[in-house]
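Undergrad: Task: produce atomic coordinates for the following.
(2 chains)
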Amino acid sequence: MSETLLELEHVHKVYRTGAFGGGRKRAVRDVSLTVRAGEVVSLIGESGSGKSTLGKMVLGLSRPTEGRILVEGTDIATIRGFAARKEYYRRVQGVFQDPFSCFNPIFKADRVFEMVRGSYFPEVSDADWRDRVLSALGTVRLDPGNVLNKYPHQLSGGQLQRMLIARALLLDIRLLVADEIISMLDASTRIDVLNLLADLKERGLGILFVTHDLSLGNYVSDTSVILHKGAIAEMGPTTRVFDNPLHPYSRHLLSCVPQLHRTWAEVDAELAADPPEDVTLPTVADGDASAPLLEAEDGHFVGIDQS
Amino acid sequence: MTDVAGAPGADGAGTAPEPAAERRRSETLHFARRNPKLLIGAGIVLALLITGLIGPLFIDHDPNEYVGPQSQPPNGEYWLGTTSFGQDVWAQFVHGLRSTFLIGVFGGGVAFVVGTAVGFLAGYKGGWVDEVLNMITNVVLVLPALVVLIVAVAYLDARGVLVQGVFIGLTSWPWAARAVRAQTLSLATRDFVDLARLSGRRTWRIITAEVAPNMSSYLVMTFILLFGGSILIAAGLDFIGLGPTNGVSLGLMLENAVAWSALQLGLWWWFIPPGLGITVIVGSLYILNVGLDEVFNPKLREL
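TA: Have a look, this model is predicted:
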C-alpha cells in the first residue's frame, strides 16, 4: 500500500452565527478520511454539506475547531511561521470553485503564474520560466495566444479554471485539493481535465476531488466519500459505493441522477418494487457531536442517519 | 487580434523581455494621457499648487502688512484689490494657497495613513484584532473632535501649520478607517486573496498588492475627502483664533472677510478668491478622482 499523504482525524468545524456570535453551526462533523499517494478521493455532497469547508481546512485557509489534519505525517496546525507555511504550499495546492473570483480583476490573468515564480522560483531565468508556463498551459490544453496578456474579464470561466490548474502544476505538488474544478467547464473540455487528473494520479499525486456531481465522482475517483450535513454518510471504494449504496441518503442521491433512457416514474417504480436491503446504521445519542462509522463490508463504511 | 504582444516567448530569443512592471506603467500612462477628466482635474490642482508655491516668491512684503489704500477693487497694482485695512488680497491669496495645501496634505496625510492602516489591518485580520481596532476607532469617532482640537491647540505655545495638521489628522481618521475596513472585509473573502496565500505571499504584501489596488480609486477619494475636510476644519479653527499664530490661510481670509463685514460692504474681492480657491481645489480633486478610477479600473475603459 502506498504512503498516506493526507489524513483527517475526527475533524470538526463549528461556525458562530447570529448577531452576537451566540449561534453555532456545525459545518463539518467528525470527519475522518485518508488520501494516499496516487489516489483520487471524491468528496461528494450537496451544497452546504461541508465539502468546500473541508477543502479549505486542508489548505490551511481555515482552522478545524476540533480534530487533526495530517499531511505527510505532520499536523498542519503545527506549521507556524511564514517560511514553514510557504514550504507547505510548495507541496499542497488547491484550485477553487469560482474561477472569476480567483483572479484579481485589475491585473492581467497571467499574474497568477508570476506570483508563483516570485515566491518559489526567483532564480529561474526568463526563458526557462517561459518554457515552463507554456508547457503547463499545453498540459491543460490552452492556447497560450488566447489566454496570456489578457484581463480576467476577457476570458471565459473554463479558460480561467484551466489556468488555475496550470498554475498548480508549476509547483512540484504532492497533494491537490480540487474544489468543483469541473463545474465551470463545458462538456468537451471536461473530459480533458478529467484525463489530466488521471495523469496526475499516475504521477503519484494525491487528489482530493470535491464535487456535487455524482457521475464525475464515479468517473474519476478511487474512493468516494458522500457527505451529508457535514458528516460522512458513506465512504468506500467508488465501485462499491455506487453499485451497492447502503446509506439511505446515498440511495436517494443516486436515484436523483437523471437517466437517459428512463423516466423518473420508472426509476421510482423500480426502487419501490425492489427495495434494497437495509443495513443497521450507527446511532448517536442526542447532543453527541460525534459521527461514528460502521464497516458494513470490507473497506465500505456507513455513517449516521441525519435525515 | 491574437498577436499576443506580451506573451512569454513573443519577444523572440534575442531581446530581453520588458519587465512586467514597466509595461504596466506605460499602459497606465497610455490611458492616463487620454482621459480628459484626469487631465482637467490634475491641471487645475497643479496650477493652483504652483501658484501657491512660486507666487509668494514674487511678493516682497508680508501678506498681513498694510501696504496700500483701503478697500480698493482689483486693479493693475493690486491684482485682487485690498482689504478694508489696505492689505494686498493677492499676496494673502497666494500665501493662503500655500498653507492651505500644506494643511490639506499634512492633516489629510496623517489621517490617511492612520485610517488606512487601521482599516486594512482590522478588515483583513478579523477576530480580536478587528474587535480592538474597531473599539479604538469608535471611541475616537465619538470624541467631539472640534472641542478636543480647541483644548489641545489652546495649550500649545507654538502653533504652526504642521502642528495644526497633525492634530487635525489624528482626530479625523476614524471614518476613513471604517470605510477602508468595510471594503477590505468584502475583498478579503474573495478567492484571489486565498490564492495569493497559496502562492506564499506575506500578509502585508497581500494587503498592498492584492487588496489595496482593487480600491485604489476609493483610497484616492478617501484622501481627497480627508484633504478637503482638513482644510475646512483648519478654517474653523482659524475662525476662533486658534489658527497659525502669524500666518495666512484661505480659511483665515474668509473669516476675516466675514468678521469685517466684507459682504455687507460689497468687498467681493476679499471673500470670493479664498472661497473659490477652496471650492476649486476640492472640486478638481473630485474630477481627478473620477478620471483616476477610469484609468485604474480596466472595466471602465473603452476597449
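Undergrad: Not counting sequence-adjacent ones, nearest residue to residue 96?
TA: Reading this off chain A. Using CB to CB, 6 or more residues apart in numbering or on different chains and skipping residues adjacent in sequence, the residue nearest residue A:96 is residue B:191, 4.7 Å away. Using the backbone N, CA and C atoms, a C-beta is placed for each residue, glycine as well.
Undergrad: hm, I was asking about chain B
TA: Nearest residue to residue B:96 in three dimensions, chain neighbours excluded: residue B:250, at 4.3 Å (CB to CB, 6+ apart).
Undergrad: Kindly list the longest helix within the chain.
TA: Chain wasn't specified; assuming chain A. Longest helix in chain A, counting residues (DSSP state H): helix A:187-202.
Undergrad: wait, I meant chain B there
TA: Chain B, longest helix under DSSP H: helix B:89-125.
Undergrad: The next helix or strand after that one - contacts with which helices or strands?
TA: Downstream of helix B:89-125, the next assigned helix or strand under DSSP states H and E is helix B:127-142. Contacts defined by 3 or more CB pairs under 8 Å, 6 or more residues apart in numbering or on different chains; DSSP states H and E place helix B:127-142 against helix B:89-125, helix B:174-188.
Undergrad: Dump the ones you listed to CSV, plus mean neighbour count and mean pLDDT.
TA: Formatted as CSV, the helices and strands packed on helix B:127-142 follow (neighbours: other CB atoms under 10 Å in any protein chain shown; pLDDT from 0 to 100):
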stretch, mean neighbour count, mean pLDDT
helix B:89-125, 23, 91
helix B:174-188, 20, 92
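Undergrad: what's the closest of those helices to residue B:261?
TA: Closest approach to residue B:261 among these (CB to CB): helix B:89-125, 15.7 Å.
Undergrad: In a helix, residue A:11, correct?
TA: No - counting by DSSP: H, G, I helix; E, B strand; the rest coil, residue A:11 is located in no helix; its state is strand.
Undergrad: helices and strands of chain B: which one bottoms out on pLDDT?
TA: helix B:20-33 (a mean of 70; mean pLDDT, DSSP states H and E).
Undergrad: Kindly apply the preceding question to chain A instead.
TA: For chain A, counting by mean pLDDT, DSSP H and E, that's helix A:264-273 with a mean of 75.
Undergrad: and residue A:35, which of the three is it?
TA: Residue A:35 is classified as strand under three-state DSSP.
Undergrad: Could you give me the buried positions within whatever helix or strand residue B:47 lives in?
TA: Using DSSP H and E, residue B:47 sits within helix B:36-54. For helix B:36-54, a neighbour-count test (16 or more other CB atoms under 10 Å in any protein chain shown) marks B:37, B:38, B:41, B:42, B:44, B:45, B:48, B:51, B:52 as buried.
Undergrad: And for stretch B:155-172?
TA: For stretch B:155-172, the neighbour count (16+ other CB under 10 Å) marks B:159, B:161, B:164, B:165, B:166, B:167, B:168, B:169, B:170, B:171, B:172 as buried.
Undergrad: Let me know whether residue A:305 touches residue A:280 as I believe.
TA: No - using CB atoms under 8 Å, residue A:305 is not in contact with residue A:280, being 10.3 Å away.
Undergrad: higher neighbour count, these two?
TA: Taking neighbours as other CB atoms under 10 Å in any protein chain shown, residue A:305 and residue A:280 compare with residue A:305 leading, 14 against 9.
Undergrad: isn't there a helix covering the more buried one?
TA: No - with three-state DSSP as the criterion, residue A:305 is assigned coil and is not in a helix.
Undergrad: Skipping its backbone neighbours, what lies nearest it in space?
TA: Excluding the flanking residues, the one nearest residue A:305 by CB to CB, 6+ apart is residue A:281, at 4.8 Å.
Undergrad: can you pull the pLDDT of the one you found?
TA: Residue A:281 is assigned a predicted lDDT (pLDDT) of 79.
Undergrad: try the one 4 residues further on
TA: Here, the pLDDT recorded for residue A:285 equals 76.
Undergrad: where does the chain have low pLDDT?
TA: Just going to use chain A. Residues of chain A meeting the criterion pLDDT under 70: A:1, A:18-21, A:274-277, A:307.
Undergrad: not quite, I wanted chain B
TA: Within chain B, the segments meeting pLDDT under 70 span B:1-25, B:157-158, B:245-246, B:298, B:301-303.
Undergrad: Pick out the residue closest to the middle of it.
TA: Among the residues of chain B, the one closest to the centroid is residue B:227, at 3.4 Å (CA atoms, centre = their mean).
Undergrad: which non-adjacent residue is nearest that residue?
TA: residue B:108 (3.7 Å).
Undergrad: Pretty sure residue B:230 is one of the things that neighbour touches, is it not?
TA: Yes - Residue B:108 is in contact with residue B:230 according to CB under 8 Å; the separation is 4.8 Å.
Undergrad: Need the overlap of contacts for those two.
TA: Residues touching both residue B:108 and residue B:230 (CB atoms under 8 Å, 6 or more residues apart in numbering or on different chains) are residue B:169.
Undergrad: What are the buried residues along stretch A:142-155?
TA: Buried-residue list, stretch A:142-155, by 16+ other CB under 10 Å: A:142, A:144, A:145, A:146, A:147, A:148, A:149, A:150, A:151, A:152, A:155.
Undergrad: Among the residues you listed, which ones lie close to chain B?
TA: A:144, A:145, A:146, A:148, A:149, A:151 (CB under 8 Å from any CB of the partner chain).
Undergrad: Touching stretch B:203-210 from outside, list them.
TA: Outside stretch B:203-210, the residues touching it (CB under 8 Å, 6+ apart) are A:104, B:120, B:121, B:124, B:125, B:184, B:187, B:192, B:193, B:196, B:197, B:201.
Undergrad: May I have the secondary structure class of the closest residue to the first one other than its chain neighbours?
TA: Just to be clear, that refers to residue A:104. Counting by CB to CB, 6+ apart, residue A:104 lies nearest to residue B:192, which is 4.6 Å off, once chain neighbours are set aside. For residue B:192, the assignment made with three-state DSSP gives helix.
Undergrad: And residue B:192, how far from residue A:109?
TA: Residue B:192 sits at a distance of 11 Å from residue A:109 (criterion: CB to CB, to the nearest Å).
Undergrad: Report the set of residues contacting both of the two.
TA: Counting by CB under 8 Å, 6+ apart, the residues touching both residue B:192 and residue A:109 are residue A:103.
Undergrad: what sits against residue B:263?
TA: B:257, B:271.
Undergrad: need the next SSE after the helix or strand containing it, C-terminal direction.
TA: For residue B:263, the host element (DSSP H and E) is helix B:262-265. Downstream of helix B:262-265, the next assigned helix or strand under DSSP H and E is helix B:268-296.
Undergrad: Could you show which parts of the stretch 101-250 of chain A are in contact with chain B?
TA: So the stretch 101-250 of chain A meets chain B at A:101-108, A:112, A:114-116, A:118-120, A:126-127, A:129-130, A:133-134, A:144-146, A:148-149, A:151, A:153, A:164 (CB under 8 Å from any CB).
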